[in-house]
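Visitor: With the input below, show me the fold.
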Amino acid sequence: MSYLWKEWLELSRSKAFWLLFLPVAAASLSVLASVKSLPAEHGLPVFLQMMFEMNVYIVPLLCLFFASFSVMQEKEQRTMVMIVAKSRSPLSFLWRKSAAIQLLTMAVLIVWYFILIVPVKFWFVFHVPPFLHFLLATMALVFMFNQLGILLGFICKTKIQLIGANLAVLFVFLYLYDFVLLYILPSVTYDNVRLFSFVYFLQPLHALRFYLETALGVFSLDYLSRTMKKFFSFPPELFVLLNIAVWGVGALAASIGWSRKGEER
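Guide: All right, here's what the predicted structure looks like:
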């Protein structure tokens, strides 16, 4: 609990975090204003899908910079050395630091979305399952990019390196991954489309979009061609779990390995 309280004090005093959070609130209200004229029966899924599309561009930025600079601050202020010496284990510091960052970041966003859903209930017919699917997709996004940010905070030695690394990770997930897929797209055939599908959905933004669109009923898997049926043959939940394992748990494992390497040095 002391770690959680410490992180909450740092978060609440961090102007950078709240400046990054303001676009989330502003964009959410903007989306709500743009969809409130939709029919009450069909407005909620559209609103939640548009909200997630907005989150794809803002939440990774927020999580990467907050998580990575939280670790960097510990290193610069030498508090990491004191905490590690007190607990006698860099691994213990990593576990508690990760838990604190994850819980607090998720708590702030969940509280905001619960506040936001209050006016939504006056405009649209509200159903709990779609909202829970939206929260699950968003929290999975938060978890993965928080862990990537923590890993970058351990690896980078200066703030300049950290800013460059954060922007590089964002560029890879938002643009470069798709550019590579477009390059190999002409070579995709009916025989290898399942392999291409696996590679395509090994990108968390694609996998979470697929999961949420099918869960909300925005995207139907009926009346597809044979090739597209083969492309979408994997369950969306499987891809979400796979991405969490690769990018979230994988980043945590890499951070553990890096901390142990530092301990040996």
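
Visitor: all contacts plus neighbour counts: C-alpha atoms, from now on.
Guide: Will do.

Visitor: For N166, see how far away Q73 is.
Guide: From Q73 over to N166 the distance is 15 Å, taken as CA to CA, to the nearest Å.

Visitor: Tell me which of the two has more neighbours.
Guide: N166 (20 against 14; other CA atoms under 10 Å).

Visitor: my guess is the more buried one contacts F65, does it?
Guide: Yes: counting by CA atoms under 8 Å, N166 touches F65, with 6.8 Å between them.

Visitor: anything in contact with each of the two?
Guide: Here N166 and F65 share the contacting residues G149, scored by CA atoms under 8 Å, 6 or more residues apart in numbering.

Visitor: quick one: the helices in this protein?
Guide: For the chain, helices defined by DSSP state H occupy the ranges 2-13, 15-35, 43-76, 79-87, 90-123, 128-155, 159-171, 177-184, 193-200, 204-216, 226-231, 236-243, 250-264.

Visitor: Just put the ones you listed in JSON lines and tack on mean pLDDT.
Guide: What follows is the helices of the chain, written out as JSON lines (pLDDT from 0 to 100):
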{"stretch": "helix 2-13", "mean pLDDT": "67"}
{"stretch": "helix 15-35", "mean pLDDT": "81"}
{"stretch": "helix 43-76", "mean pLDDT": "88"}
{"stretch": "helix 79-87", "mean pLDDT": "49"}
{"stretch": "helix 90-123", "mean pLDDT": "86"}
{"stretch": "helix 128-155", "mean pLDDT": "94"}
{"stretch": "helix 159-171", "mean pLDDT": "93"}
{"stretch": "helix 177-184", "mean pLDDT": "94"}
{"stretch": "helix 193-200", "mean pLDDT": "93"}
{"stretch": "helix 204-216", "mean pLDDT": "94"}
{"stretch": "helix 226-231", "mean pLDDT": "88"}
{"stretch": "helix 236-243", "mean pLDDT": "94"}
{"stretch": "helix 250-264", "mean pLDDT": "76"}
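
Visitor: any idea how far A67 is from K97?
Guide: Computed as CA to CA, the A67 to K97 distance reads 9 Å.

Visitor: oh sorry, the question was meant for L205
Guide: Distance from L205 to K97, by CA to CA: 25 Å.

Visitor: Who has more neighbours out of those two?
Guide: L205 (22 against 18).

Visitor: tell me the contacts of that one?
Guide: L205 neighbours (CA under 8 Å, 6+ apart): V56, L141, F173.

Visitor: neighbour-wise, which of these leads?
Guide: L141 leads the contacts of L205 on contacts (other CA under 10 Å) with 25 neighbours.

Visitor: I'd assumed P204 was in contact with that one.
Guide: Yes: L141 is within contact range of P204, at 7.4 Å (criterion: CA under 8 Å).

Visitor: what's the neighbour count on H133?
Guide: Counted with other CA under 10 Å, the neighbours of H133 add up to 17.

Visitor: Ok, P186 next?
Guide: Neighbour tally, P186, other CA under 10 Å: 8.

Visitor: Look at it and report its pLDDT.
Guide: Looking at P186, its pLDDT reads 91.

Visitor: Tell me the one among the contacts of L205 nearest to G217.
Guide: Nearest to G217 out of the contacts of L205 is V56 (CA to CA; 19.3 Å).

Visitor: quick one: contacts for the closest one?
Guide: Going by CA under 8 Å, 6+ apart, V56 touches L205.
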